[in-house]
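Enquirer: mind looking at a prediction? Sequence and model below.
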Amino acid sequence: MARETLPVALDLMFGREGGYVNVKSDRGGPTKYGITHTTLAAHRGVSSVTADQVKRMTLQEAEAIYRRSYWSQSGGDILPAGLDYASFDFGVNSGPTMGVKKLQKVLGVREDGHVGEKTAAAVAAYPGGLEKLIRDYCDERMRYLRSLTNAKTGFPVNGRGWTIRVTGKDPKGQWKDQPGVVGNAIRLANAAHATVPTPGALPINAPPEADAKADVRDTGVIEIIKKPEALLPGIGTLLTGVSSITEDGPIAWMIAICGVAVVGVGIWYFVRRVREAG
């Protein structure tokens, strides 16, 4: 639907995601043009690539990877102009599935990570229109980023860069205000429906940590167990254990202790599943 956005999106991406980086705060590891070593290896059909191979990756290969493995999976050929770019940028930073799931969360449709007819229909019917959806979507992205509380690779070390990338605003006020993803997405959306030329998207300037991958594995435990589904499976067991305490005897106490242990193990497995699946 909005394939004409892709060249602009790639220009914006390479303007910010350019160059080779390999820093400890980026879970993605060796990265160039925003393409991690694991993504490059998958594209080439090999088990792994070296940091030097990542460093020597060409711009043409990076563009081919984005076209094949990110643009379509992020809904780029289905979503309207502007929103397609916002979803694409989210997908590059956190994986296309996560980017689409968060869009679906905002839309209130099933979060399956795939842009189909129901998602497209919900976009068209979104209360307040496309611009409001873009803003709400970027707000949801920021909530997701803040939930990545890992002290080494999450928001504590990369949050400022991520915030500038998405919102265009520096929390410390040291970088000049700019459109960010949200502003550029709105500009692209307006340009697609304008009868007269409108200002185009502008490259995003941000510190290196803005390029760090925002990985669901860095989601904080507290954020995960806030989800009702993290606690519901264990409530019955917990209540059974508590009720058994009202009876006297070591067997009753043992049942109670086992019940609490089962709840704890269940929550641990749920946390692991959320971090692995998103």
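Expert: On my side now, so go ahead. Numbers count the residues shown, from 1 in each chain.
Enquirer: burial of Arg60, as a residue count?
Expert: Small correction: residue 60 is Gln, not Arg. 8 (other C-beta atoms under 10 Å). C-beta here means a position set from N, CA and C on the backbone, and glycine is covered the same way.
Enquirer: so it is in which element?
Expert: helix 59-66 (DSSP states H and E).
Enquirer: how about that helix: buried residues?
Expert: 61-63, 65-66 (16 or more other C-beta atoms under 10 Å).
Enquirer: tell me which of these is nearest to Ser25?
Expert: Set against Ser25, the nearest of these by C-beta to C-beta is Ala62 (21.8 Å).
Enquirer: correct me, but the closest one touches Ile35?
Expert: Yes: Ala62 is within contact range of Ile35, at 5.2 Å (criterion: C-beta atoms under 8 Å).
Enquirer: the residue nearest to the spatial centre of the chain: what's it in contact with?
Expert: Central residue check for the chain by C-alpha atoms, centre = their mean: the C-alpha nearest the mean position is that of Ser94, 3.7 Å away. Going by C-beta atoms under 8 Å, 6 or more residues apart in numbering, Ser94 touches 144, 213-216.
Enquirer: output the lowest mean pLDDT helix or strand found in the chain.
Expert: helix 228-245 (a mean of 54; mean pLDDT, DSSP states H and E).
Enquirer: still on that earlier bit, next, format the contacts of Ser94 as CSV and append secondary structure.
Expert: Shown next, in CSV, are the contacts of Ser94 (DSSP: H, G, I helix; E, B strand; the rest coil):
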residue, secondary structure
Tyr144, helix
Lys213, coil
Ala214, coil
Asp215, coil
Val216, helix
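Enquirer: of all those, which two lie farthest apart?
Expert: Tyr144 and Lys213 (12.8 Å).
Enquirer: the more surrounded of the two?
Expert: Neighbour totals were compared for Tyr144 and Lys213, and Tyr144 leads with 23 against 20 (other C-beta under 10 Å).
Enquirer: now do the phi/psi pair for the residue nearest to the centre of the chain.
Expert: Here is the backbone geometry of Ser94 (degrees, to the nearest 10): phi -130, psi 0.
Enquirer: contacts for the helix or strand hosting Met142?
Expert: Under the criterion of DSSP H and E, Met142 resides in helix 129-146. The contact list for helix 129-146, computed with C-beta under 8 Å, 6+ apart, reads 80, 82-83, 86-87, 90, 94, 98-99, 102-103, 105-107, 123, 126, 155, 159, 162-163, 166-167, 180-182, 185-186, 189-190, 214.
Enquirer: inside strands: which ones of the residues you listed?
Expert: Assigned to strands by DSSP state E, none of the contacts of helix 129-146 qualify.
Enquirer: quick check on these: which are buried?
Expert: If we count by 16+ other C-beta under 10 Å, the contacts of helix 129-146 have these buried: 80, 82-83, 86-87, 90, 94, 98-99, 102-103, 106-107, 123, 126, 155, 159, 162-163, 166-167, 180-182, 185-186, 189, 214.
Enquirer: now intersect those residues with the helices, please.
Expert: Counting by DSSP state H, the buried ones among the contacts of helix 129-146 place 83, 86-87, 90, 94, 98-99, 102-103, 106-107, 123, 155, 159, 162-163, 166-167, 180-182, 185-186, 189 in helices.
Enquirer: span of stretch 124-135 from start to end?
Expert: 15 Å (C-alpha to C-alpha, to the nearest Å).
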